[in-house]
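# 3D model of this:
(2 chains)
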Amino acid sequence: MAMMENELPVRNRAKSYEKESKLAFIIKDLNRNKFIYIMLLPVLAYYGIFHYGPMYGLQIAFKDFSPALGIWGSEWVGFQHFTEFFNGFYFWRLIKNTLLINIYELLFAFPAAIVLALLLNEIRSNMFKRVVQTISYLPHFISIVVVVGMMVDFLARDGLINQLLVMFGFESIAFLRQPEWFRFLFISSGIWQGIGWGSIIYLAAMATIDPTLYEAAKMDGAGRWKQTLHITLPGIMPTIVILLIMNMGSMLSVGSEKVLLMYNASTYSTADVISTYVYRKGILEASYSYTAAVGLFNSVISFILIVSANSISKRVSENKLW
Amino acid sequence: MFKAKPAKVGTAALSVTLALSVVSGCVPGSNKASQNSAPKASEAASKLTSLSYWSAFNPSAAATMKSYSEMEAYKEMERITGTKVEFQHPPQGATAEKEQFNLMLTSGSLPDVIEYNWNTYPGGPEKAIKDNRIIKLNDYIDKYAPNYKKAIASNPEWKKQVTTDDGSIIGFHFIRGDRSLQVFKGPIIRQDWLDKLGLKQPTTIDEWYTVLKAFKEKDPNGNGKADEIPLLLTLSELKNSHAFIGAYGVPNNFYREGNTVKYGPIEPNYKEFLTTMSKWYKEGLIDKDFAATDAKLLDAKVTGNQLGALIGNAGGGLGKYMTLMSPKDKNFKLAGVPYPVLKAGDKPLYGHLDAPVPGKSAAITTSNKNIVETVKWLDMGYSEQGHMLFNFGKEGVSYKLENGYPKYTDIITKNPEGMPMSQAMAKHNRATWDGIMVQDKRYSEQYQSQIPEQLESIKVWSLPTNEKEMPPVTPNKDESTRYAAVMTDINTYRDEMYNKFVMGAEPLENFDKYVKTLKSMGIDDAIKIQQAALERYNKR
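Take a look at the predicted model:
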């Protein structure tokens, strides 16, 4: 913050040099803030190398890629791979599974972090609050492989959960082998893992709410509940909306790692999502062009979703990502 | 805007971690050749001093070593030829292996030799040559591989199966040297349970029903609980062995009637088979977890005294369990039983029969700089010396010649460190799984005779004629894209529907609808492609 304030006079001065050409201004600015720009370089490099560079390869979605001919030399086939995917037998199932997992995540996992943050905010004892917070965000640091490994052990036929079920006289359930359990397990383990970590950003947002608002509300006779409803929630609303818009963007790209680790052939009917299908088709069967087309389709839809979510939000709530 | 920033950085950081974890996940696969196989053979001064060699890593070998270069046979090869082989092994498991193979081939940085089932290369083996990945070997073999040439010329069936439709030979193949080596899988039953209940070995589907029912109801394991699982028939064994489904005259895949290709899962007989299975499932005769049973779970069920019958290998199944269980339970006894038939007295039509040339071969890549020397090196495996080496190991160490018969020594048969025979063998040779050689039946005579039931079971499993079995045909370049596109979804659908029909989630009345769906998915095209491939195969 202090840095920004120092910069203000610089900007103002820049305005008075309006006659100076833009280029000269940029050079001057680069010179003045070179260390800041240097710090930016790794980030730019990351995006360049890992996100924009590979876009060159996207063209194979419209080609019949053959490793012998290379990306550039392969033959153009137009939209063939796209139509193949749209007409594919499992197209609708993939879309449905992908969307449903995301919608459930939006319905349950997304609010869960907010609720936890609100609850934590109400805790008076700082000690207790910190303990709860630490415990709740510890799972975030466990790798997905380990989390799924734990689930497999707990949920196995002779695992803890089933032993408890049998002890209380229920039938044991093959949790990881039944398609109807997949979404529940996926989402709930996700909540367990992410809730504490996700709440941090909301807690930070709550910390910026002006305390005088609460005092004023108290004067007006508002209880804790009303304060939460009328001050805390609106206070963190911009954060919620921004995160929601960003979530919309990843609507069609479920983290394939976790699904890949969790699913098996008998749960495909609910677990198979676009990204796992792409993995099976692309890596295991080497249909690179086809999967590039599927991936591109995925990105285009995500792009549309994020842009429309942003513009809706802009109109409705005046919160926006850009 | 401002608020969004931390989250964005978080995402970026996450992506980096993920990218890194992907990268590092690959590293163990590119196993560096182990450093401890002391290279003393430099005096042999052959032109070919080193060779990078990609090959899957067999679990039996993996149990005792880090790479094939620690195997006695390869150590001896190195001593003889002076060629140091740097083995690269992908992580174990079919999926991981395929994944690394595909990525390796696309990336373009290839080792000198790749050992793989090239029939499964997308587009067929011929495409791998056209993609400029591996080299057509016909001329090289003519000139520099006399032993291999002689071996494949000695058997017209072998010759046919090592050659592609276009007449190319793409690699040095693993060849099963005798028909008895092609059969190693079949129905296994708890003989002690049968004896206890006074039943005889079942041969027909009806007799199986009676036996399984008795297993379910009469508490053969004697623990007072009805926890017996009469039969475990996994989807993969259904495909590999044709057990039970074979009684109905169809496999779970393509087959031929005369020279006409047909697809089992759309035939009316398949419905009959499904009807039986779903009835058995409903009555609790088939394991509830059949759709997702892995090796670990299977082991647990057998050794937990729960499972009555399964489909398994002679050595790795029946033999393994007998060895594991005999100290714990004196009565425990398994027996290989004949493939079931519909009517008593029928000859079983379908059983397990591996092709004489199963498809795995060592191909030479376009990155190889010493093709001729590599060809000579690989040809060693088919020479008298190499043959003995890869099948039996080093003479005087792992085998001794007795009247011309290579007899395994106690290191193998009664391993002093207490290793199971399969692992002890793997330390010395590749006979128990595959290799660049002609597999010798004298290996299996000794391996299987360790436990008499193993030998006996192979005898009864060899009864089926398997004349309807498809030979290893490959679609050509033009067909393969269409074939792959159609079959990926069809295989998924067929397997899912099989599970649903058997478990009763889908009523059998919907069988016609299921056939119709398969047709709309393009099964007829796939049959046509298989038909064309078969005709080309016959003309080879």
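# tell me the helix or strand right after the helix or strand of chain B with the lowest mean pLDDT.
Least confident helix or strand, chain B: helix B:4-26 with a mean of 40, by mean pLDDT, DSSP states H and E. On the C-terminal side of helix B:4-26, the closest following helix or strand by DSSP states H and E is strand B:50-54.
# which of the helices or strands spans residue B:66?
For residue B:66, there is no helix or strand it lies in under DSSP H and E.
# what number of residues lie near it?
Other residues lying near residue B:66 total 18 when counted by other C-beta atoms under 10 Å in any protein chain shown. (C-beta placed from N, C-alpha, C; glycine too.)
# mind telling me what element whichever residue of the stretch 51-200 of chain A sits closest to chain B is part of?
Chain B sits closest to residue A:68 of the stretch 51-200 of chain A, with a gap of 4.0 Å, by C-beta to the nearest C-beta. Assignment of secondary structure by DSSP H and E places residue A:68 within no helix or strand.
# on the pLDDT front, check it for me.
Looking at residue A:68, its pLDDT is 77.
# OK, contacts around it?
Contact analysis of residue A:68 by C-beta atoms under 8 Å, 6 or more residues apart in numbering or on different chains lists B:130, B:131, B:132, B:133.
# using a markdown table, please lay out the residues you listed together with secondary structure, distance to residue A:81 and pLDDT.
Formatted as a markdown table, those follow (DSSP: H, G, I helix; E, B strand; the rest coil; distance: C-beta to C-beta, whole Å; pLDDT from 0 to 100):
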| residue | secondary structure | distance to residue A:81 | pLDDT |
| --- | --- | --- | --- |
| B:130 | helix | 21 | 87 |
| B:131 | coil | 19 | 86 |
| B:132 | coil | 23 | 89 |
| B:133 | coil | 22 | 91 |
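# mind picking the two most distant members of these?
Taking C-beta to C-beta as the measure, the contacts of residue A:68 span a maximum distance of 8.8 Å, between B:130 and B:133.
# before we move on, back to that, among the contacts of residue A:68, which ones are buried?
Buried members of the contacts of residue A:68, scored by 16 or more other C-beta atoms under 10 Å in any protein chain shown, are B:131, B:133.
# from the contacts of residue A:68, which are also near chain A?
For chain A, the contacts drawn from the contacts of residue A:68 by C-beta under 8 Å from any C-beta of the partner chain are B:130, B:131, B:132, B:133.
# which among those residues gets closest to residue A:249?
Of all the ones next to chain A among the contacts of residue A:68, residue B:131 has the smallest distance to residue A:249: 37.1 Å, by C-beta to C-beta.
# state the distance from the closest one to residue B:366.
From residue B:131 across to residue B:366, the span is 9 Å (C-beta to C-beta, to the nearest Å).
# got it, and residue B:194?
Residue B:194 sits 57 Å away from residue B:366, going by C-beta to C-beta.
# state the mean pLDDT of stretch B:194-210.
Average pLDDT, stretch B:194-210: 94.
# swap in stretch A:203-210?
Stretch A:203-210 comes out at a mean pLDDT of 92.
# list the buried residues of it.
Using 16+ other C-beta under 10 Å as the test for burial, stretch A:203-210 gives A:203, A:205, A:206.
# and that stretch, is it in reach of chain B?
Yes. On the criterion C-beta under 8 Å from any C-beta, stretch A:203-210 is in touch with chain B at residue A:205.
# quick one: contacts of that stretch?
With contact meaning C-beta under 8 Å, 6+ apart, stretch A:203-210 is reached by A:117, A:120, A:121, A:133, A:231, A:232, A:235, A:236, A:238, A:239, B:3.
# and the helix or strand encompassing the first one, what does it pack onto?
I take that to be residue A:117. Element membership for residue A:117, per DSSP H and E: helix A:110-122. Counting contacts by 3 or more C-beta pairs under 8 Å, 6 or more residues apart in numbering or on different chains; DSSP states H and E, helix A:110-122 packs against helix A:126-137, helix A:179-207, helix A:233-249.
# which residues does it contact?
Residues outside helix A:110-122 that contact it (C-beta under 8 Å, 6+ apart) are A:129, A:132-133, A:136, A:191, A:194-199, A:202-203, A:206, A:224, A:228, A:232-233, A:236, A:240, A:243-244, A:247.
# among those residues, which ones are buried?
Among the contacts of helix A:110-122, the ones that count as buried by 16+ other C-beta under 10 Å are A:129, A:132-133, A:136, A:191, A:194-199, A:202-203, A:206, A:228, A:232, A:236, A:240, A:243, A:247.
# residues from the stretch 101-250 of chain B in reach of chain A?
Contact residues, the stretch 101-250 of chain B versus chain A (C-beta under 8 Å from any C-beta): B:102, B:103, B:105, B:106, B:108, B:122, B:130, B:131, B:132, B:133, B:235.
# confirm the fourth one sits in a strand?
So the one you mean is residue B:106. No. Read with DSSP: H, G, I helix; E, B strand; the rest coil, residue B:106 is helix and lies in no strand.
# would you confirm that residue A:257 contacts residue A:144?
Yes. Using C-beta atoms under 8 Å, residue A:257 is in contact with residue A:144, at 5.4 Å.
# any weak-confidence spans in the stretch 51-200 of chain A?
Under the criterion pLDDT under 70, no range of the stretch 51-200 of chain A is flagged.
# interface residues of chain A facing chain B?
Contact residues, chain A versus chain B (C-beta under 8 Å from any C-beta): A:43, A:46, A:50, A:64, A:66-68, A:84, A:88-90, A:143, A:157, A:174, A:177, A:201, A:205, A:238-239, A:242-243, A:246, A:257, A:264-266, A:268-269, A:280-281, A:283-288, A:290, A:320-322.
# compare residue B:194 and residue B:366 (neighbour count), which wins?
Neighbour count, other C-beta under 10 Å: between residue B:194 and residue B:366, residue B:194 has more, with 22 against 15.
# quick check, the more buried one in a helix?
Yes. Counting by three-state DSSP, residue B:194 is part of a helix.
# from chain A, how far out is it?
27 Å (C-beta to the nearest C-beta, to the nearest Å).
# and that residue, what does it touch?
Listed by C-beta under 8 Å, 6+ apart, the contact set of residue B:194 reads B:200, B:201, B:211, B:335.
# just residue B:319 next, same as before
When contacts are counted by C-beta under 8 Å, 6+ apart, residue B:319 touches B:448, B:450, B:451, B:453, B:454.
# possible to save those residues as TSV with distance to chain A, neighbour count and secondary structure?
Putting the contacts of residue B:319 into TSV (distance: C-beta to the nearest C-beta, whole Å; neighbours: other C-beta atoms under 10 Å in any protein chain shown; DSSP: H, G, I helix; E, B strand; the rest coil) gives the following:
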residue	distance to chain A	neighbour count	secondary structure
B:448	32	23	helix
B:450	32	18	coil
B:451	29	20	coil
B:453	29	18	helix
B:454	30	23	helix
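# which residue in those has the weakest pLDDT?
Ranked by pLDDT, the contacts of residue B:319 bottom out at residue B:450 (81).
# burial count for residue B:102?
Neighbours around residue B:102, by other C-beta under 10 Å: 19.
# which stretch of helix or strand covers it?
Using DSSP H and E, residue B:102 sits in helix B:94-107.
# and if you look at residue B:210?
Using DSSP H and E, residue B:210 maps to helix B:205-217.
# counting contacts, what elements does that helix pack onto?
Looks like helix B:205-217 contacts helix B:191-197, strand B:229-232, helix B:268-282, strand B:307-313 (3+ C-beta pairs under 8 Å, 6+ apart).
# what average pLDDT does stretch B:392-401 get?
With pLDDT averaged residue by residue, stretch B:392-401 scores 92.
# and that stretch, how far from the chain's centre?
Computed by C-alpha atoms, centre = their mean, to the nearest Å, the separation of stretch B:392-401 from the middle of its chain amounts to 27 Å.
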